[in-house]
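quick one: sequence plus predicted model below, questions after.
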2 protein chains.
Amino acid sequence: MREVVIGICGLGTVGSGTFNLILKNRDEIARKTGVQLRVSHVGCRRDHPDCDLSQVTVSRDVFAVVKDPAVEVVLELMGGIETAKDLVEQAIDNGKHVVTANKALIALHGMDLMQRAVDNQVSLRFEAAIAGGIPIVKVLTEGLAGNENLVVAGIINGTTNYILTEMEQAGNRDFSEVLAEAQSLGYAEADPTFDVEGIDAAHKLAILSSMAFGVPLNFEAMYTEGISAVTSADIKYAAELGYRIKHLGITRKTDNGIELRVHPTLIKKSAMLAQVNGVMNAVLVDSDAAGETMYVGAGAGSGPTASSVLTDVIAIVQGTSTTGLGYKLEELQPLQMLAIEDVISAYYLRLRVMDVPGVMAKVSTILSQGNISIESLIQKDARDGDVPIVIVTNEVQERALNTAIAELEALEHIKGMVTRIRVFNI
Amino acid sequence: MREVVIGICGLGTVGSGTFNLILKNRDEIARKTGVQLRVSHVGCRRDHPDCDLSQVTVSRDVFAVVKDPAVEVVLELMGGIETAKDLVEQAIDNGKHVVTANKALIALHGMDLMQRAVDNQVSLRFEAAIAGGIPIVKVLTEGLAGNENLVVAGIINGTTNYILTEMEQAGNRDFSEVLAEAQSLGYAEADPTFDVEGIDAAHKLAILSSMAFGVPLNFEAMYTEGISAVTSADIKYAAELGYRIKHLGITRKTDNGIELRVHPTLIKKSAMLAQVNGVMNAVLVDSDAAGETMYVGAGAGSGPTASSVLTDVIAIVQGTSTTGLGYKLEELQPLQMLAIEDVISAYYLRLRVMDVPGVMAKVSTILSQGNISIESLIQKDARDGDVPIVIVTNEVQERALNTAIAELEALEHIKGMVTRIRVFNI
């Protein structure tokens, strides 16, 4: 039986999981592919207690793996950007196929790396970079390949989904309290910035957008907003209006260009995405022929990520000719990318006004002058002279909404800033 | 640019949708694959009003398509079994790749047809045979290929899911009434037997099971039960106990063998599958590494089915070497298939007893003598001397449950038969 020799760079959570999954399932994989997988070389700063490395070469210098002539497929499972980039480049230059779980690396340097892979006639694959164990790269690049895609929207960061779910279910707990709990449970990093500020989701969405619409990777065009400003009051008001707040990545093809945005979002409780709670991830795709399809699973963790790494390894050993983004690299075509001010959306607005006559009339006038119609409105009882007003608007361009918000905030009887959360109707 | 020539057999809902989807998206597909798809020959009993056939050869004899030397890929979109089987065999013998949406054909004759395809070095693919636009074949055979699968459970028939959803949401409407409505809306066939008695789902589940566990197709081992006996009372009692009734196909690998069963099933309302309503389909997969992943989408219709047909066409033109069930054909290994009596499950039981003292004690005694423990129980108020008792048991082998049910039905104060619905805890 043909054997394919694998080198693993990085033996943390993902690397160790992948190492052990290959050991466990290689006979089953051989029944599927006719190929025996063998890990011959592991590059890692330290051994992993869960991995028996007695049958493999272990190097403390990860670059030794990509220089090893026996290695045919390199798994870059270290994370980070600069060293990973050097490593992947050298692996490609040495004629080795590369599988990576590194979303930042692909989002920021994917175009160069893919061109390099094409030039060297090797594969560069990254199923594990997005949505953990959900094979969403394969779905978009192959499973829905006959479609023209219209929208991809996903819950693609488990940490933010866990925090928002807890905030909703616990009722009156604020972001910082739930974040601290998520950290103690291992669902959030000690430095949670990448997750809670949406950067991790933005990396993933950049890749999803490129695959969905055949455009070059364009992380710079991304609008990114995290969840740290979401309050339990907003979650409660949203629920009263029939919505749930999720942190979504949304990319949509419109007549004016491509939307590319990550932010907290109100979605109808009845929508499929609204049912996805805790650390689960889900990606909804709307396509011209297949219609709405949705893919749900664990977004992170050793097993799910290892599953997706092996998806790529198996595609490579089977000689699957689709690589990267699902389009021939030279066929990627830049389209207009929409700035967030150009996006047309519905909005949730929350204002605090003073309990004096005529305020509501002024608020309504400003909205109507901006051609912003009101879908629903809640005015709550005054408390300490404060009256909360919550509005869901119909669709309007964000630029017009910004103007209206500036006018609202300049009103004499408005207290503080207007809270604004985008609404996604699908 | 390389051109691949396609012949379409059958120009009904699926055939016409596929014909038009190729026309609409062939440039986009060329950007992905480097291949231009061209339909050159259509075999159909009559033209379709939505299709402009002026640029293609049209034959009233579908066999003319598989004899056409120019055709490289044959799409069998006619349905039915015997003629379709002849056609696919001739296409394969003539060295043509075949894509089919025909679940019955694959479930019943797939092993022979796949062997024939291997012998003739062509592909035989059937993404569209299961769950409409959801690329579940690609997910199971490629996307999760690094995993050992444990369970596949799916809502894989839109008609039954529509009927059960309507029965639940409408409250007090019985099966036959909702079926008649589904027929008038086009969600159920004039002869609904294949759908409502579970045969269509059974065909699909046989294929899913073979892909999930690497066993030969074995439709004969299937246990099949439809939804025609489900009453609105059962739906209501299930809801009181926190469950929803869905028509599921379940295949599971146990230490004793493979479960392969289609039947109405109670699932917890909080379970992901319970959220899938109306004509939507969903397949839940539990695997050793990826964990639980779920795939949701429209289970039928022109567009979704055409999407999956094109998934296969594109895989063929890209030379994807995985074929059929995801395993090398000679590596499929028969495993013990469990009879329904050997399955271990929890159960929902509904009894009508007379309103006399001591009945509950007798019921409890019979269950406890059968080592059947009670998870929850509702005893309703007597009406016309009838007392409904609803029980959810803990897990027990079906054989033991059958014995207990026979003893219950023999009790003097039990009225009629005991209703039994399996419970799926995932």
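Received it, and whenever you're ready, just let me know what you need. Numbering: from 1, shown residues only, chains lettered A, B, ... in the order given.

just the element for residue A:366, please.
helix A:359-369 (DSSP states H and E).

would you mark the buried spots in that helix?
Under the neighbour-count criterion of 16 or more other CB atoms under 10 Å in any protein chain shown, helix A:359-369 has A:359, A:362, A:363, A:366, A:367 buried. From N, CA and C alone the C-beta is placed, and that goes for glycine too.

helix or strand right after it?
That would be, after helix A:359-369 and using DSSP H and E, strand A:374-379.

partner strands of that following strand, parallel or antiparallel?
strand A:386-393 (antiparallel) (DSSP bridges).

ok, the nearest residue to residue A:339 once chain neighbours are set aside to chain B distance?
Once flanking residues are discounted, residue A:339 sits nearest to residue A:223: 7.5 Å by CB to CB, 6 or more residues apart in numbering or on different chains. Distance from residue A:223 to chain B, counting by CB to the nearest CB, to the nearest Å: 26 Å.

quick revisit: packing partners for the helix holding residue A:366?
Packing partners of helix A:359-369 (3 or more CB pairs under 8 Å, 6 or more residues apart in numbering or on different chains; DSSP states H and E): strand A:344-354, strand A:374-379, strand A:386-393, helix A:398-410.

of the ones you listed, which is nearest residue B:210?
strand A:344-354 (45.3 Å; CB to CB).

strand partners of the closest one, parallel vs antiparallel please.
In the sheet, strand A:344-354 lines up with strand A:386-393 (antiparallel), strand A:396-397 (antiparallel), strand A:414-423 (antiparallel) (DSSP bridges).

got the CA positions of it in CSV?
Provided in CSV are the C-alpha atoms of strand A:344-354 (Å, rounded to 0.1, in the frame of the first residue of the first chain):
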residue,chain,number,x,y,z
ILE,A,344,-28.0,48.8,4.0
SER,A,345,-29.4,47.2,7.1
ALA,A,346,-32.1,47.4,9.7
TYR,A,347,-31.0,48.7,13.1
TYR,A,348,-31.8,48.4,16.8
LEU,A,349,-31.4,51.7,18.6
ARG,A,350,-31.6,52.4,22.3
LEU,A,351,-31.8,55.9,23.7
ARG,A,352,-32.2,57.3,27.1
VAL,A,353,-34.3,60.4,27.1
MET,A,354,-35.5,62.8,29.9
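
okay, now the residue in the stretch 301-426 of chain A that chain B sits nearest to: neighbour count?
Closest residue of the stretch 301-426 of chain A to chain B, CB to the nearest CB: residue A:310 (2.6 Å). Look at residue A:310: counted by other CB atoms under 10 Å in any protein chain shown, it has 27 neighbours.

kindly provide the distance from the nearest residue to it once chain neighbours are set aside to residue A:39.
Leaving aside its chain neighbours, residue A:310 sits nearest to residue B:146 (2.6 Å; criterion: CB to CB, 6+ apart). According to CB to CB, to the nearest Å, residue B:146 stands 13 Å off from residue A:39.

quick one: classify residue A:311 as helix, strand or coil.
Classification of residue A:311 using DSSP: H, G, I helix; E, B strand; the rest coil returns helix.

that one and residue B:145 touch, don't they?
Yes. Look at residue A:311 against residue B:145 with CB atoms under 8 Å: they come within range, at 6.2 Å.

show me what contacts the closest residue to residue A:105 other than its chain neighbours?
For residue A:105, ignoring the flanking residues on the chain, the nearest one in space by CB to CB, 6+ apart is residue A:84 at 5.1 Å. Contact analysis of residue A:84 by CB atoms under 8 Å, 6 or more residues apart in numbering or on different chains lists A:76, A:78, A:100, A:102, A:105.

helices of the stretch 201-350 of chain A, residue ranges please.
A:232-240, A:302-317 (DSSP state H, counting those that start in this stretch).

winner for burial among the ones you listed?
With neighbours taken as mean count of other CB atoms under 10 Å in any protein chain shown, those reach their highest mean count in helix A:302-317, at a mean of 27.

could you list every helix and strand that it packs against?
By 3+ CB pairs under 8 Å, 6+ apart, helix A:302-317 packs against strand A:2-9, helix A:13-33, strand A:35-43, strand A:73-76, strand A:97-100, strand A:124-125, helix A:136-138.

picking that back up, dump the contacts of residue A:84 into a markdown table; add pLDDT, distance to residue A:158 and neighbour count as well.
Shown next, in a markdown table, are the contacts of residue A:84 (pLDDT from 0 to 100; distance: CB to CB, whole Å; neighbours: other CB atoms under 10 Å in any protein chain shown):
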| residue | pLDDT | distance to residue A:158 | neighbour count |
| --- | --- | --- | --- |
| A:76 | 98 | 22 | 30 |
| A:78 | 96 | 20 | 23 |
| A:100 | 98 | 19 | 29 |
| A:102 | 97 | 17 | 26 |
| A:105 | 98 | 20 | 24 |
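
and those residues, which is closest to chain B?
residue A:100 (15.7 Å).

any idea how far the closest residue in space to the closest one that isn't next to it in sequence is from residue B:132?
For residue A:100, ignoring the flanking residues on the chain, the nearest one in space by CB to CB, 6+ apart is residue A:76 at 4.1 Å. Distance, residue A:76 to residue B:132, by CB to CB: 37 Å.

between the two ends of stretch A:277-290, how far is it?
Using CA to CA, to the nearest Å, one end of stretch A:277-290 lies 25 Å from the other.

do the same with stretch A:202-221
End-to-end for stretch A:202-221, by CA to CA: 10 Å.

again, but for stretch A:214-222
16 Å.

what's in contact with it?
A:106-108, A:110-111, A:202-203, A:205-207, A:209-210, A:258, A:260-262, A:325-327, A:331-335, A:337, B:28, B:31-32.

so of those, which ones are in strands?
Taking DSSP state E as the definition of strands, the contacts of stretch A:214-222 contribute A:258, A:260, A:261, A:262.

ok, which of the residues you listed also contact chain B?
When the ones in strands among the contacts of stretch A:214-222 are checked against chain B using CB under 8 Å from any CB of the partner chain, none falls in range.

of all those, which comes closest to residue A:394?
residue A:261 (19.0 Å).

residues near the closest residue in space to that closest one that isn't next to it in sequence, how many?
What sits nearest to residue A:261 in space, not counting adjacent residues and going by CB to CB, 6+ apart, is residue A:223, at 4.2 Å. Other residues near residue A:223 come to 19 when the count uses other CB under 10 Å.

tell me who's in contact with residue A:223.
Contacts of residue A:223 by CB under 8 Å, 6+ apart are A:260, A:261, A:262, A:263, A:339, A:340, A:343.

among the residues you listed, name the buried ones.
By 16+ other CB under 10 Å, the contacts of residue A:223 give A:260, A:261, A:262, A:263, A:340, A:343 as buried.
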